[in-house]
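>>> show me the folded form of this:
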Amino acid sequence: QAGPQGPLTVDQYGKLITIGENSGGSHSIVYSNDLGSTWADGPALGFLTRGAAAYNSLDDTLEVIWNAQAATDGILYRRYRPTRDGSNNITNWTALNAGYAVIDAQTPGSMVYEHPCILWLNDAAYGAHGAVVLAWAARNTGVGGVGNEIRAVMRTLTNTAADGVALNW
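As a prediction, the model looks like this:
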């Protein structure tokens, strides 16, 4: 079982959520229904190196930016919904949409991606579902293109499958 690895998120029911990594390198969404006394893992995700999550209380979803192991898979976005029991305890996680939205990925050249960050904005100006801002570091290590950048994108959420399509960001 993975333990907490990064900052904790607290959902609208007081449940603790974080991204965890086990000793084999697989990641999962880790949660506690008892203020951290015990922790449970969601499904293992084996091709990721790092993630950051933000809880969307308007839709009861977890918005996640992932850094994939392969630079050709790059920076990914996915949304998850908790499965809950009658006491609003989290019992598991369901990935929404058909797959990961590939937000940034290596094409010609040689890229390294690091430091995925996410913000969920629930200001009324962003509509009924809020907005998500993703940010990450990108480093081109290829010949003729060496350089470092901070990249970011934002999407006003619709709570539909369109949120999981990279071209909509």
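>>> burial measure for the closest residue to Y126 other than its chain neighbours, as a count.
Leaving aside its chain neighbours, Y126 sits nearest to T156 (5.3 Å; criterion: CB to CB, 6 or more residues apart in numbering). The C-beta positions use only the backbone N, C-alpha and C, and glycine is treated the same way. By other CB atoms under 10 Å, the residues close to T156 number 15.
>>> what's the answer for the one 4 residues further on, then?
Here the count is done by other CB under 10 Å, and T160 has 12 residues near it.
>>> L121 contacts V133, correct?
Yes. If you go by CB atoms under 8 Å, L121 and V133 touch, sitting 6.7 Å apart.
>>> returning to that earlier point: ok, now which ones touch the residue nearest to Y126?
126-127, 129-131 (CB atoms under 8 Å, 6 or more residues apart in numbering).
>>> residue contacts, the residue positioned nearest the centre of the chain?
Closest residue to the average C-alpha location of the chain: V64 at 1.3 Å, with CA atoms, centre = their mean. Neighbour list for V64: 19, 29, 51-54, 77-80, 118 [criterion: CB under 8 Å, 6+ apart].
>>> could you export the residues you listed as CSV, including distance to N89 and neighbour count?
Formatted as CSV, the contacts of V64 follow (distance: CB to CB, whole Å; neighbours: other CB atoms under 10 Å):
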residue, distance to N89, neighbour count
I19, 19, 25
I29, 14, 25
G51, 23, 24
A52, 24, 21
A53, 18, 22
A54, 21, 21
Y77, 27, 25
R78, 23, 19
R79, 20, 21
Y80, 16, 19
I118, 24, 19
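>>> between those residues, which is closest to A44?
Nearest to A44, judged by CB to CB, of these is I29 at 10.2 Å.
>>> I'd say that closest one and A95 touch.
No. Applying CB under 8 Å, one finds I29 not in contact with A95, separated by 9.7 Å.
>>> what residues are shared contacts of these two?
With CB under 8 Å, 6+ apart as the test, I29 and A95 both reach Y80.
>>> can you show me the helices along this structure?
Taking DSSP state H as the criterion, the chain carries no helices.
>>> below-threshold pLDDT in this protein: ranges please.
By pLDDT under 70, the weakly predicted segments of the chain are 1-6, 108, 143-145.
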